[in-house]
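Colleague: Structural data only, the sequence is not supplied:
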């Protein structure tokens, strides 16, 4: 394998499913994977933005398809996997990236809100992995990356459902790494800090500044910076990494 990071060979001949890839980190991951040679299945509930991700990949010479997917629903996930197999014949990489947040404490969080956040953030990782792993096993292996968060490592005020889901993502990934090592399936976790996502870019700078000062670099990450870490973890360069948790947080957890 070439060591040229600009080449299109780090994921050559691989097929990747990236959930939540209509915008933000998921879009950055899907686009980078395509530039590195992967054929990418873009999965999201946002059809317009998801199609834009696909068109951008194709404009850059890559291959991609979009499947509208509510990853909290088994039928949608099965349809996503089937569509990917029909188009590309295999699945080598799964990036479980979907996530949403409701800012409330445990008393104020309703049962419906709890189920919504856990269903979207954690159940989705269970479902996508459940339906992808049998195909990876049949084809001789693969790699799964679960996108957790700093909130999967620490506690935060007013984030009980979100933090519970992101802590759960780490536990789920470690168990899957153990269960499927014999199948040549690697499972790892990526914990990003705050990023310049489309939502954060709409917030006035004076409101964001205190949060940026919580890490050593005094800024938020660009999604492309985190996507580069995701690329490493799913590539053959990380062949000895499984059950691992990589933190990309600008030094937040060093303080």
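Modeller: Good, I have the coordinates. Note that the structure is a prediction, hence the values are computed from the model and not measured. Residues are numbered from 1 along each chain as shown.
Colleague: Mind telling me what element the residue of the chain positioned farthest from its centre is part of?
Modeller: Computed with CA atoms, centre = their mean, the maximum C-alpha offset from the centroid of the chain is found at residue 107, amounting to 29.4 Å. Of the helices and strands defined by DSSP states H and E, none includes residue 107.
Colleague: ok, now residue 104?
Modeller: Per DSSP H and E, there is no helix or strand for residue 104.
Colleague: Surely it and residue 112 touch.
Modeller: No. Assessed by CB atoms under 8 Å, residue 104 is found out of contact with residue 112, at 11.9 Å. In this view, the C-beta of every residue, glycine as well, is placed from N, C-alpha and C.
Colleague: Neighbour count: the two, which is higher?
Modeller: Shown here are residue 104 and residue 112; by other CB atoms under 10 Å, residue 104 has more neighbours (17 against 8).
Colleague: which ones are touching the more buried one?
Modeller: By CB atoms under 8 Å, 6 or more residues apart in numbering, the residues touching residue 104 are 113, 158, 160, 161.
Colleague: Give me the lowest-pLDDT entry from these.
Modeller: Within the set of these, pLDDT is lowest for residue 158 (95).
Colleague: Which residue comes closest to that one once chain neighbours are left out?
Modeller: residue 103 (4.7 Å; CB to CB, 6 or more residues apart in numbering).
Colleague: Pull up the per-residue confidence for the one you found.
Modeller: 94.
Colleague: Then residue 7?
Modeller: The model's pLDDT for residue 7 equals 55.
Colleague: Give me the neighbour count for residue 206.
Modeller: 7.
Colleague: so what's it up against?
Modeller: No contacts exist for residue 206 under CB under 8 Å, 6+ apart.
Colleague: separation between residue 144 and residue 22?
Modeller: 20 Å (CB to CB, to the nearest Å).
Colleague: An error on my part: the question was meant for residue 104.
Modeller: 26 Å.
Colleague: okay, which residue is most central for the protein?
Modeller: Mean-position check on the chain, CA atoms, centre = their mean. Result residue 97 at 2.6 Å.
Colleague: Please tell me I have it right and it contacts residue 23.
Modeller: No. With contact defined as CB under 8 Å, residue 97 does not reach residue 23; the gap is 11.0 Å.
Colleague: low-scoring stretches of the stretch 51-200 of the chain, by residue?
Modeller: Residues of the stretch 51-200 of the chain meeting the criterion pLDDT under 70: none.
Colleague: start to end distance for stretch 178-189?
Modeller: 14 Å (CA to CA, to the nearest Å).
Colleague: So what touches that stretch?
Modeller: 129, 133, 136-137, 140-148, 152, 169-170, 173-174, 176-177, 233, 238-239, 241-246.
Colleague: In the contacts of residue 104, find the pair that's most separated.
Modeller: 113 and 158 (12.3 Å; CB to CB).
Colleague: Any idea how far the helix or strand that residue 132 is a member of is from the middle of the chain?
Modeller: Using DSSP H and E, residue 132 maps to helix 124-139. Between the centre of helix 124-139 and the centre of its chain there are 15 Å (CA atoms, centre = their mean, to the nearest Å).
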